[in-house]
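S.K.: quick one: sequence plus predicted model below, questions after.
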Amino acid sequence: MSIKCESCGSKIGGAFGVSLASTEEVQLARAMGYSVKDVVCENCFLPILLKLRECTAKKCKELDLELDTLLLSIEISTFPPTDNAYTYRGLITAHTAIGTGPLIEAFSSITDFWGMESGSYKGKMEEAENSCVKKLLYKAIMMDANRIASTHFSYGELTAGKGMVLVCAQGTAISTCDGPQAIKEKYMDLLKQKQAFNAIWE
Ligand SMILES: [Zn+2]
């Protein structure tokens with residue numbers, strides 16, 4: 001017995017038949033409020049799939065923003081904790097390598113003719129530092145911390161004369177009662193939602 005698409009009547013499967021729409025994608029489409037027939041071919045499902053992709057891309061962007069907001073709710077400072085009302089979670093470190101080519105030039109012109117800081121150099125270093133901070137915040141969350149104290153940056157050249165610079169950051173992950181709570185659970189929940197949306201692109 002051959003199966004037919006409930007929308008267009010095309011034969012599904014076999015040598016000349018069209019493929020059935022992916023079950024996961026159909027499920028996701030239904031979960032997001034699209035009405036999809038029980039047996040639907042790839043061709044009939046395509047317009048829904050395209051809309052679904054557009055919609056999930058938007059949702060993923062929103063989730064990224066929420067994830068970033070959660071990350072940034074963690075207080076990060078260069079000071080050691082000021083009182084003893086905290087739980088120690090552990091030492092956290094992060095590294096970001098930046099460089100190659102244009103950096104050599106950037107470093108040779110850290111200051112320009114007027115003695116100002118070179119824009120390209122500053123931009124790259126800031127990018128690397130921000131990336132380190134983000135990694136620290138993520139690690140802190142995974143350790144159930146809600147604050148990072150005693151943060152410290154160090155810089156080193158990775159390849160002699162080749163312009164690769166390594167930015168390292170370290171800090172102490174701690175939790176305090178006055179910081180945001182259950183942040184790891186919230187973060188993992190958002191990540192799970194994102195993974196579900198990402199499945200549609202695979
Ligand atoms: Zn069809």
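M.R.: Now that the structure is in, tell me what you want to look at. Numbering: from 1, shown residues only.
S.K.: can you tell me what sits against stretch 150-159?
M.R.: By CB atoms under 8 Å, 6 or more residues apart in numbering, the surrounding residues in contact with stretch 150-159 are 76-81, 97, 99, 129, 132, 136, 164-172. C-beta here means a position set from N, CA and C on the backbone, and glycine is covered the same way.
S.K.: what is the neighbour count of the residue nearest to residue 194 when sequence neighbours are not counted?
M.R.: Nearest residue to residue 194 in three dimensions, chain neighbours excluded: residue 63, at 4.7 Å (CB to CB, 6 or more residues apart in numbering). Residues within reach of residue 63, counting by other CB atoms under 10 Å, total 18.
S.K.: please report the distance of residue 63 from residue 150.
M.R.: Separation of residue 63 from residue 150 (CB to CB, to the nearest Å): 31 Å.
S.K.: interface residues of the chain facing the ion?
M.R.: The chain has residues 5, 7, 8, 10, 41, 44 near the ion, with proximity defined as CB under 5 Å from the ion.
S.K.: count of neighbours near the last one?
M.R.: The burial count assigned to residue 44 is 19, neighbours taken as other CB under 10 Å.
S.K.: angles on the backbone of it, please.
M.R.: phi -70, psi -30 (degrees, to the nearest 10).
S.K.: show me what contacts the closest residue to it other than its chain neighbours?
M.R.: Among residues not flanking residue 44 along the chain, residue 7 sits closest, at 4.0 Å (CB to CB, 6+ apart). Neighbouring residues of residue 7 by CB under 8 Å, 6+ apart: 37, 40, 41, 44.
S.K.: one more time with 10 Å
M.R.: By CB atoms under 10 Å, 6 or more residues apart in numbering, the contact set of residue 7 is 21, 36, 37, 39, 40, 41, 43, 44, 45.
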